[in-house]
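Engineer: The following comprises the amino acid sequence and a computationally predicted model.
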Amino acid sequence: MAFSMEERLQKKVNRMWRSSLYEGWSCHICKSRNVVQDLRKGVRVCVNCATVIQNRIVYEGAEYRQFQTEHGSTDRVRVGMSNETEYYNDLSTTFSGKCSIRNQNGIDSAMRRTVSRSTLALSKGYSEIHRIIKQMQLPDKYLKHAKYMYKQLRPEKDLKKKNFKAVATAIVSYVCRMFGNGRSIREMCSISCISRKEIGKVYKIVLSHLNNKHKSLNQSQTKRVTTTASQLIDRIGQHLNLDFKESQVCSHVARRAKEIAIKGSRHPDSIAAGVVYLVTKMCKVKTKKKITISMISANTGVSQSTIRIVYNEIYPKRFELFPEGTTFINSDPKSKK
């Protein structure tokens with residue numbers, strides 16, 4: 001299908017001109033309302049007499065201007081017409097790093113040049129504290145206190161050389177003990193993947209700095225807080241599906257065993273594991289599966305030989321440890337192991 005010369009010319013004009021009527025615009029010479037907009041030149045023109053009705057409807061200047069700053073560098077400032085609001089309403093998605101899933105809490109590589117090293121170190125510590133507390137399923141008050149302590153202690157010289165994961169783990173461990181919800185060092189090592197020796201060294205440094213900062217912290221927070229076996233039994237009972245009454249009996253036995261049965265120093269994990277093993281052997285436990293020494297060892301992180309040593313140590317005074325009114329399966333079990 002061939003087009004005539006007039007049709008081709010009309011199509012060319014339609015491409016160059018936006019052929020639409022503008023209400024309120026009319027030619028002041030021929031009084032015609034057939035006004036179009038020339039997008040190439042940025043003017044409104046009358047079609048009948050080719051009179052320019054309005055010029056410079058499009059900004060022809062540069063989009064950016066360069067201004068001199070006090071330091072002698074150039075500062076690019078945008079000038080001209082404003083952008084369309086529908087395209088700049090914060091509806092875009094930004095992917096930072098090589099993979100967005102691995103770098104959700106990270107900082108974009110373009111922003112790392114403008115962020116200081118202290119801010120980067122602080123953000124890494126905060127993210128590690130957040131990960132540990134969420135994995136341990138602790139309330140938000142633990143997170144606030146741990147972040148506050150990390151911000152106060154991170155600028156110290158002897159802590160700057162340490163691994164930020166070890167510092168965050170030591171601070172979370174101290175906050176748990178401060179609120180009476182102490183966690184064992186083995187549990188903290190499994191969560192943070194840091195050696196027990198390194199966490200112990202950093203914890204001593206953190207404790208010494210907290211004692212020195214008595215002006216900014218309360219005196220009750222700077223006291224040395226230790227974890228007892230009775231505090232660990234509640235969490236062990238949850239892993240082993242023990243009843244509330246059975247957990248209370250285990251806590252009572254652990255407190256009494258520390259007073260009259262345990263000779264020397266024993267780790268709270270070992271005492272708690274031995275007490276749970278004693279209670280499950282002497283009392284009737286309401287669980288679906290029989291609790292064995294291997295299950296206790298897997299949940300507490302204590303070896304089976306250590307559990308048997310603690311069990312044999314507290315077994316001779318077993319009747320003095322239990323509270324009054326406790327019913328036993330057998331008053332004198334044949335097997336101690």
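Structural biologist: Yep, it's here. Small disclaimer: the values here were computed from a predicted structure and weren't measured.
Engineer: going forward, measure contacts and count neighbours with C-alpha atoms only.
Structural biologist: Will do.
Engineer: Show the contacting residues for residue 135.
Structural biologist: residue 191 (CA atoms under 8 Å, 6 or more residues apart in numbering).
Engineer: And it, its phi and psi?
Structural biologist: phi -70, psi -30 (degrees, to the nearest 10).
Engineer: Distance-wise, check it relative to residue 172.
Structural biologist: 12 Å (CA to CA, to the nearest Å).
Engineer: The residue lying closest to residue 142 once chain neighbours are set aside: neighbour count?
Structural biologist: In space, and not counting its chain neighbours, residue 142 is closest to residue 175: 6.5 Å by CA to CA, 6 or more residues apart in numbering. Neighbour count for residue 175, taken as other CA atoms under 10 Å: 23.
Engineer: and residue 175, which of the three is it?
Structural biologist: Per DSSP: H, G, I helix; E, B strand; the rest coil, the local secondary structure of residue 175 is helix.
Engineer: Verify the contact between it and residue 141 for me.
Structural biologist: No - contact criterion CA atoms under 8 Å: residue 175 and residue 141 do not qualify, at 9.6 Å.
Engineer: Next one, pLDDT for the residue nearest to residue 142 please.
Structural biologist: Note for residue 175: predicted pLDDT of 88.
Engineer: Tell me if I'm right that residue 304 and residue 293 touch.
Structural biologist: Yes - contact criterion CA under 8 Å: residue 304 and residue 293 qualify, at 6.6 Å.
Engineer: helices and strands around the one helix or strand residue 207 maps to, which ones?
Structural biologist: Element membership for residue 207, per DSSP states H and E: helix 196-212. Judged by 3 or more CA pairs under 8 Å, 6 or more residues apart in numbering; DSSP states H and E, helix 196-212 is in contact with helix 157-160, helix 164-178, helix 185-192.
Engineer: C-terminal to the worst-scoring helix or strand of the chain on mean pLDDT, what's the next element?
Structural biologist: Taking mean pLDDT, DSSP states H and E as the measure, the helix or strand of the chain with the lowest value is strand 17-18, at a mean of 48. Downstream of strand 17-18, the first helix or strand assigned by DSSP H and E is strand 35-38.
Engineer: Give the rounded mean pLDDT of that next one.
Structural biologist: The average pLDDT within strand 35-38 is 80.
Engineer: Give me the helices and strands touching it, please.
Structural biologist: strand 17-18, strand 43-46.
Engineer: pLDDT of the helix or strand harbouring residue 126, averaged?
Structural biologist: Assigned by DSSP H and E, residue 126 belongs to helix 117-136. Averaged across helix 117-136, pLDDT comes to 86.
Engineer: Can I get that helix in PDB, CA atoms only?
Structural biologist: The C-alpha trace of helix 117-136 is given here as PDB (Å, rounded to 0.1, in the frame of the first residue of the first chain):
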ATOM      1  CA  ARG A 117      36.200   2.300  60.100                       C
ATOM      2  CA  SER A 118      34.800   2.800  63.600                       C
ATOM      3  CA  THR A 119      31.300   2.800  62.200                       C
ATOM      4  CA  LEU A 120      32.000  -0.300  60.200                       C
ATOM      5  CA  ALA A 121      33.400  -2.100  63.300                       C
ATOM      6  CA  LEU A 122      30.400  -1.000  65.300                       C
ATOM      7  CA  SER A 123      27.900  -2.300  62.700                       C
ATOM      8  CA  LYS A 124      29.700  -5.600  62.500                       C
ATOM      9  CA  GLY A 125      29.500  -6.000  66.300                       C
ATOM     10  CA  TYR A 126      25.800  -5.100  66.400                       C
ATOM     11  CA  SER A 127      25.000  -7.600  63.700                       C
ATOM     12  CA  GLU A 128      26.900 -10.300  65.600                       C
ATOM     13  CA  ILE A 129      25.100  -9.500  68.900                       C
ATOM     14  CA  HIS A 130      21.800  -9.500  67.100                       C
ATOM     15  CA  ARG A 131      22.500 -12.900  65.600                       C
ATOM     16  CA  ILE A 132      23.600 -14.500  68.900                       C
ATOM     17  CA  ILE A 133      20.600 -13.200  70.800                       C
ATOM     18  CA  LYS A 134      18.100 -14.200  68.200                       C
ATOM     19  CA  GLN A 135      19.600 -17.700  68.000                       C
ATOM     20  CA  MET A 136      19.400 -17.900  71.800                       C
END
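Engineer: Can you mark which positions in that helix are buried?
Structural biologist: Neighbour-count burial for helix 117-136 flags 122, 123, 124, 125, 126, 128, 129, 130, 132, 133 (criterion: 16 or more other CA atoms under 10 Å).
Engineer: Now do it and helix 164-178, the angle between them.
Structural biologist: Here helix 117-136 points in a direction 50 degrees away from that of helix 164-178 (axes from the mean of the first three to the mean of the last three CA atoms, to 10 degrees).
Engineer: after helix 117-136, next one along is what?
Structural biologist: Helix 117-136 is succeeded, C-terminally, by helix 140-153 (DSSP H and E).
Engineer: That next one - what's its average pLDDT?
Structural biologist: Averaged over helix 140-153, pLDDT sits at 88.
Engineer: neighbouring contacts of that helix?
Structural biologist: 122, 125-126, 129-130, 133, 159, 167-168, 171-172, 175-176, 206, 209.
Engineer: Between the residues you listed, which sits nearest residue 267?
Structural biologist: Nearest to residue 267 out of those is residue 176 (CA to CA; 17.5 Å).
Engineer: count of residues packed around the closest one?
Structural biologist: By other CA under 10 Å, the residues close to residue 176 number 20.
Engineer: Many thanks, I have nothing further to ask.
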